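[1] Dropping a prediction and its sequence here:
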Amino acid sequence: MIVAVALPPVPTAISTSVSARVAGDPLRVEQPHLTSVGWTPPATAAGAPLVAVLDTGVAGDAPDLQAVLDTRYARSFAPGSRDALVDVEGHGTHVAGIIAATSDNAVGVSGVSAARIL
């Protein structure tokens, strides 16, 4: 027995309406997932959640993270690295940027939340 199933059409392009509606970051057009989840730029507010990124480190000189890095308790647990603000692999900085890169600052990408990064 052969069963045929009709599937909905696959979209050929994802709308970048968020980048068209909101002035901001030059690489936001490369973040189509923001539109897919109905993202709006996060409001900045005191008391934003503090997120610990347990990865390869977070580069302390990343321009999109300058305003959100909270280094008071930052520690490195990466083998061979004693400096919590060095990321030789780049992966931890990438993850931190997805979480909390400053939006609408004309630099890089937009983070999905208004969190602070530990």
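    On my side now, so go ahead. Numbering: from 1, shown residues only.
[2] From now on I want contacts and neighbour counts done on CA atoms only, so please keep to that.
    Noted.
[3] Going by length in residues, pull out the top helix of this structure.
    helix 91-100 (DSSP state H).
[4] for that one, packing partners?
    In this structure, helix 91-100 makes packing contacts with strand 116-117, judged by 3 or more C-alpha pairs under 8 Å, 6 or more residues apart in numbering; DSSP states H and E.
[5] pLDDT weak spots in the chain?
    Along the chain, the model assigns pLDDT under 70 to residues 1-23, 42-46.
[6] One more pass at 50, please.
    5, 7-22 (pLDDT under 50).
[7] Spatially, and excluding backbone neighbours, which residue is closest to the residue most central in space within it.
    Nearest to the mean C-alpha position of the chain, by C-alpha atoms, centre = their mean, lies residue 98 at 1.2 Å. Of all residues not flanking residue 98 in the chain, residue 111 sits nearest, at 4.8 Å (C-alpha to C-alpha, 6 or more residues apart in numbering).
[8] how many neighbours does residue 67 have?
    13 (other C-alpha atoms under 10 Å).
[9] And residue 81, by the same measure?
    A total of 15 residues lie near residue 81 under the criterion other C-alpha under 10 Å.
[10] ok, now how distant is it from residue 89?
    Between residue 81 and residue 89 the computed distance is 11 Å (C-alpha to C-alpha, to the nearest Å).
[11] Over to residue 54?
    Distance, residue 54 to residue 89, by C-alpha to C-alpha: 13 Å.
[12] Check residue 77 too.
    Separation of residue 77 from residue 89 (C-alpha to C-alpha): 14 Å.
[13] Mind listing what's buried along stretch 102-114?
    Residues 102-104, 107-114 are the ones in stretch 102-114 that count as buried (16 or more other C-alpha atoms under 10 Å).
[14] do stretch 84-102 as well
    So stretch 84-102, judged by 16+ other C-alpha under 10 Å, has buried residues 84-87, 92-102.
[15] got it, and stretch 51-69?
    Neighbour counts over stretch 51-69 (16+ other C-alpha under 10 Å) mark 53, 55-60, 62, 64-65, 68-69 as buried.
[16] could you dump the residues you listed to CSV with secondary structure and distance to residue 36?
    Shown next, in CSV, are those (DSSP: H, G, I helix; E, B strand; the rest coil; distance: C-alpha to C-alpha, whole Å):
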residue, secondary structure, distance to residue 36
53, coil, 24
55, coil, 26
56, coil, 28
57, coil, 29
58, coil, 27
59, coil, 28
60, coil, 30
62, coil, 26
64, helix, 22
65, helix, 24
68, coil, 25
69, strand, 27
